[in-house]
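Visitor: sequence and predicted model, in that order:
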Amino acid sequence: MNSFRGFLRGEMMKKNRVVIGMSGGVDSSVAAYLLKEEGYDVIGITMKLWEDDDPEIIEREGGCCSLSSIYDAREVCEKIGIPHYVVNFKKVFRDKVVENFINEYARGRTPNPCILCNKAIKFEELLKKAFELDAYYIATGHYAIIEEKDDEFFMKKSYASGKDQTYALYNMTQEQLRHSLFPLGKFNSKEEVREIARKIGLITSDKQDSQDICFVPDNDYPKFINKNSEYRIKYGNFVDKNGNILGRHNGIINYTIGQRKGLGLALGYPAYVIDIDAEKDEVVIGENEDIFKDELYARDINFINIKKLDKPIKLNAKIRYSAKEESCTVYPDKEDRIRIIFDNKVRAITPGQSIVFYDGEYLAGGAIIE
């Protein structure tokens, strides 16, 4: 990103020009409208990220990669009077997001591709595209708030607590925050956003939110991995904590830590996945108490405002998007790794997921659970 600094400060850049990522949903639609109303020179861009061999799957299941989503984004841009373009990011998306998704599942981990997409695509590739168009800003429909103080940027939770998306944005850098706008962060609810869309007659006003991963719209991860990689599912054993065989499983990519349903085991007690050993193709089974732990290690660290973690720090943390915050202490460990100890045990710490830290209402940063 430093290679752009000279260009960013150059006379060519138009301070009021903003490129907004248009997914074809109501959030990005209203965000684009609000920016236009504020007087920005707005350019709408829909990122083409993935295309299934059978486009009927994507159309049936929906998602930001469907043709209907592109048409919706284009119609919104026409309605509010801004240009709209479709940009092909399929190769970089495949290389940086999809390959990681496949490799992580093959290692018995549970990745979060939406977080990686934000890091590698939305706030890296889209930002580069914005600079090519002489824009100073990029914008999205994320629910988050950016604040500036003394030329330092901070990220704060959205006012709409049920929609806050800071968890998925922890990888952002100071330069990216400097050049990003989140117009929806100060709304108190999603319904307020929908009401604006209805009032101005946007086609996306009542469009449902996409719940699944955009490139796996039918939510069948094993089928997707089998179809899009050389990895082949291997059957293996369910084992208990002592290595005793309990039964056969149908491939480690079908399981995640804390899972109870779909195991097909009759053990006389509620059984849960407590570990996955990819080298042995084993899924370790235990009881409910076994999935509660108070310690983890994490890598690929990014802190928003902490320049160097050289001593323990007290923060709150979430170990998945839907989890509640828990008090913890973050310790420096070896290079590119930190150790986290929770005040109380937390449920189902899952390798591959992100642990995200908060200091009150402010996003402190995050890392990937190791």
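Guide: Nice, I can see it. The model shown is predicted, which means the values in this text are computed figures rather than measured ones. Residues are numbered from 1 along each chain as shown.
Visitor: in the chain, what helix or strand scores lowest on average pLDDT?
Guide: helix 5-8 (a mean of 47; mean pLDDT, DSSP states H and E).
Visitor: and the next helix-or-strand element following it, how far out from the chain middle?
Guide: Once the chain leaves helix 5-8, the next helix or strand it forms, by DSSP states H and E, is strand 14-21. Once both centres are worked out by CA atoms, centre = their mean, to the nearest Å, strand 14-21 turns out to sit 23 Å from its chain's centre.
Visitor: which elements pack onto strand 14-21?
Guide: helix 26-37, strand 41-48, helix 126-132, strand 135-139 (3 or more CB pairs under 8 Å, 6 or more residues apart in numbering; DSSP states H and E). To be clear about C-beta, it is placed using only N, CA and C from the backbone, and glycine gets the same treatment.
Visitor: doesn't residue 115 belong to a helix?
Guide: Yes - counting by DSSP: H, G, I helix; E, B strand; the rest coil, residue 115 falls inside a helix.
Visitor: that one contacts residue 354, doesn't it?
Guide: Yes - if you go by CB atoms under 8 Å, residue 115 and residue 354 touch, sitting 5.5 Å apart.
Visitor: higher neighbour count, these two?
Guide: Neighbours were counted for residue 115 and for residue 354 using other CB atoms under 10 Å; residue 354 has more, 24 against 21.
Visitor: could you give the bridge partners of the more buried one?
Guide: residue 368 (DSSP bridges).
Visitor: now for residue 115 and residue 354: what residues contact both?
Guide: 167, 170 (CB atoms under 8 Å, 6 or more residues apart in numbering).
Visitor: how far away from the center of its chain is the top helix by length along the chain?
Guide: Taking DSSP state H as the criterion, the chain has its longest helix at helix 67-80. In this view, helix 67-80 has its centroid 24 Å away from the chain centroid, taken as CA atoms, centre = their mean.
Visitor: with stretch 286-295 instead?
Guide: In terms of CA atoms, centre = their mean, the centre of stretch 286-295 is set 26 Å apart from its chain centre.
Visitor: pull out the buried positions in that stretch.
Guide: Buried residues in stretch 286-295, counted by 16 or more other CB atoms under 10 Å: residue 291.
Visitor: list the contacts for residue 33?
Guide: Neighbours of residue 33 in contact, by CB under 8 Å, 6+ apart: 76, 80, 196-197, 200, 202.
Visitor: since that was my last question, I'll sign off now.
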